[in-house]
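> Quick one: sequence and predicted model below, then my questions.
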Amino acid sequence: MLNELQSKADLAGFLGLTLEKLDFFVYPTSMYDLYRNRLVPKRNGGYRELLIPRSDLKRAQRIIASELEKGYKPLPCVHGFIKGRSIKTNAENHIGSQVIVGLDIKDFFPSISSRRVYGLLVSKKLGLTPEVAFCISRIVATPKGLPQGAPSSPIISNMICLGMDKQLMHLSREYRYQYSRYADDLTFSFNSSYFFYRNFYSGGKLRLPNKLRNAITNFHGTESFELNEDKSFYSCSFSRQLVTGVVCNQKTNIKREQYRRLRSTLHRLSNGDIEGAMGCYYGKTIAKLTDAERGMFEASLRGSLDFYKSLIKDPWTSGPLMRLGSLYNKTKPENMPTFPVALQQDSLLYLEGDDGEENSFEGLGFFCLATVLLRHGM
């Protein structure tokens with residue numbers, strides 16, 4: 001549909017905007033007329049700037065994103081911002097590998113400028129007219145690149161990376177690795193350490209083959225991305241292997257320190273020490289907790305448990321997860337749903353949870369081969 005638009009007036013009508021409003025989006029006096037910024041702390045120090053578009057601009061960006069998604073077919077290696085894929089599916093690609101290599105693209109969204117977006121839109125694949133492509137590139141990008149808070153940024157970033165992803169998948173046959181990408185995190189894994197040490201290791205350090213480095217930083221002779229060398233790493237099977245923060249040596253799981261932090265947080269809550277639980281959860285002293293962190297604590301804690309559950313192949317058989325869930329249910333706020341648990345004692349089970357219609361249940365069950373028989377009415 002976008003490639004059928006011939007002029008700025010056509011685009012304005014398609015987006016439900018007046019020409020004056022479209023011009024305001026394309027030629028703002030300041031980008032802060034269109035966005036409000038929020039600084040989010042990074043895990044390793046410093047801050048990341050989120051640019052959140054005003055509601056009418058966000059609506060236009062959503063329409064553009066929806067149209068672009070209609071013609072985009074994600075490669076199997078892409079796991080970020082794709083329905084049905086996640087950091088779990090990304091990590092699952094590398095379970096049981098002898099060696100895992102992780103690379104990080106520096107300033108991923110900011111490095112995708114409106115000029116690069118314009119080039120994408122006028123390419124043969126999309127075929128937009130120069131006038132329409134220019135207007136869209138200014139609507140979805142800022143002088144600081146793609147805004148991280150805009151709904152159009154995920155699909156555009158994946159489309160920008162399409163050529164790089166194809167080239168890295170093509171090189172996998174030569175260098176014998178498995179490749180996947182989640183946003184700015186690139187992962188390469190080797191079933192045989194021989195190919196890693198032959199092609200990716202030299203002088204006691206991680207060394208990328210020139211073909212692979214050029215596919216990322218200088219694709220087809222055009223400057224594209226810059227690697228954050230400080231975040232590049234490799235890990236072998238005899239040590240803990242992480243892909244996008246998920247442990248994946250033999251199965252997907254959370255880090256051991258994450259589990260201990262959750263367990264300690266819930267134990268403090270069970271003892272009535274809410275302030276101490278918050279400090280433990282965020283890894284801060286009570287005095288340094290922000291109002292935002294206090295306000296998000298309950299939802300964030302539940303989200304951490306749900307994330308842990310999502311990584312486990314069969315949550316009902318995970319004793320550590322079930323113990324955390326049982327602790328959570330004893331201390332959770334009344335407005336939060338029950339965390340489904342099944343605690344096994346010999347062949348007997350105690351189960352509790354919600355049936356999906358806000359009705360709580362609890363009861364006894366027992367194992368019979370692969371079947372669980374449930375008896376209600378406890």
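That came through fine. Numbering: from 1, shown residues only.

> What is the neighbour count of the closest residue to A183 other than its chain neighbours?
The shortest distance from A183 to any non-neighbouring residue, by C-beta to C-beta, 6 or more residues apart in numbering, is to G80 (4.0 Å). C-betas here are computed from N, CA, C, even on glycine. G80: 21 surrounding residues under other C-beta atoms under 10 Å.

> G80 in helix, strand or coil?
At G80 the chain is in coil, as set by DSSP: H, G, I helix; E, B strand; the rest coil.

> That one and F108: what is the separation?
10 Å (C-beta to C-beta, to the nearest Å).

> okay, and the common contacts of these two?
Common contacts of G80 and F108 (C-beta atoms under 8 Å, 6 or more residues apart in numbering): A183.

> Now P76. Its backbone dihedrals?
phi -60, psi -20 (degrees, to the nearest 10).

> try L206
phi -70, psi 120.

> I figured it hits F200, correct?
Yes - with contact defined as C-beta atoms under 8 Å, L206 reaches F200; the gap is 6.3 Å.

> show me where the stretch 101-250 of the chain has helices.
114-121, 130-140, 153-160, 162-175, 193-199, 210-217 (DSSP state H, counting those that start in this stretch).

> Figure out which of these is closest to I100.
Across those, I100 has its closest neighbour in helix 193-199 (9.1 Å, C-beta to C-beta).

> In space, what's closest to G127 - neighbours in sequence excluded?
In space, not counting the residues next to it along the chain, G127 is nearest to N3; the distance is 4.6 Å by C-beta to C-beta, 6+ apart.

> Assign a three-state SS to the one you found, would you?
N3 - assigned by three-state DSSP - is helix.

> Now do the helix or strand harbouring L262: which elements does it pack against?
If you go by DSSP states H and E, L262 is part of helix 256-270. The contact analysis (3 or more C-beta pairs under 8 Å, 6 or more residues apart in numbering; DSSP states H and E) places helix 256-270 against helix 274-282, helix 291-311, helix 319-331.

> Turn those into CSV, including distance to V341, mean neighbour count and mean pLDDT.
Below are the helices and strands packed on helix 256-270 laid out as CSV (distance: least, C-beta to C-beta, whole Å; neighbours: other C-beta atoms under 10 Å; pLDDT from 0 to 100):
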stretch, distance to V341, mean neighbour count, mean pLDDT
helix 274-282, 19, 18, 93
helix 291-311, 10, 14, 92
helix 319-331, 4, 18, 89
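
> Can you list the neighbours in contact with stretch 210-225?
103, 105-106, 108, 111, 163-164, 167-168, 171, 174-175, 186, 226-227.

> sorry, back to before: show me the contacts for the residue nearest to A183.
G80 is in contact with N90, P154, N158, R181, Y182, A183, D185, counting by C-beta under 8 Å, 6+ apart.

> low pLDDT regions in the stretch 101-250 of the chain?
For the stretch 101-250 of the chain, applying pLDDT under 70 flags the ranges 220-223.

> on that earlier part again, am I right that the residue nearest to G127 is in contact with K124?
No - N3 is beyond contact range of K124, at 10.7 Å (criterion: C-beta under 8 Å).

> Of those two, which one has the most company?
Per other C-beta under 10 Å, whichever of N3 and K124 has more neighbours is N3, with 15 against 5.

> got a list of what that one touches?
Contacts of N3 (C-beta under 8 Å, 6+ apart): L126, G127, L128.

> For the first one, give me phi and psi.
When read as degrees, to the nearest 10, the backbone of L126 gives phi -100, psi -40.

> How about it, nearest residue that isn't a chain neighbour?
Nearest non-adjacent residue to L126, counting by C-beta to C-beta, 6+ apart: N3, 6.3 Å away.

> Quick check: the one you found vs F25, distance?
From N3 to F25 the distance is 20 Å (C-beta to C-beta).

> go on, L146?
15 Å.

> Name the residues that touch stretch 105-121?
2, 126, 128, 132-134, 136-138, 140-148, 153, 156-157, 159-160, 183-186, 216, 225-228.

> mind checking which of the helices of the stretch 101-250 of the chain is nearest N249?
Here helix 193-199 is closest among the helices of the stretch 101-250 of the chain (C-beta to C-beta), at 14.3 Å.

> Run through the neighbouring helices and strands of the closest one.
Using 3+ C-beta pairs under 8 Å, 6+ apart, helix 193-199 is in contact with strand 99-104.

> what's the strand it packs on packed up against?
strand 185-190, helix 193-199, strand 233-236, strand 242-243.

> what pairs with the last one, and is each one parallel or antiparallel?
Here strand 242-243 is paired, per DSSP bridges, with strand 246-247 (antiparallel).

> Off-centre distance for the partner strand?
Distance of strand 246-247 from its chain centroid, counting by C-alpha atoms, centre = their mean, to the nearest Å, is 13 Å.

> How about stretch 231-244?
On the basis of C-alpha atoms, centre = their mean, stretch 231-244 sits 18 Å off its chain's mean C-alpha point.
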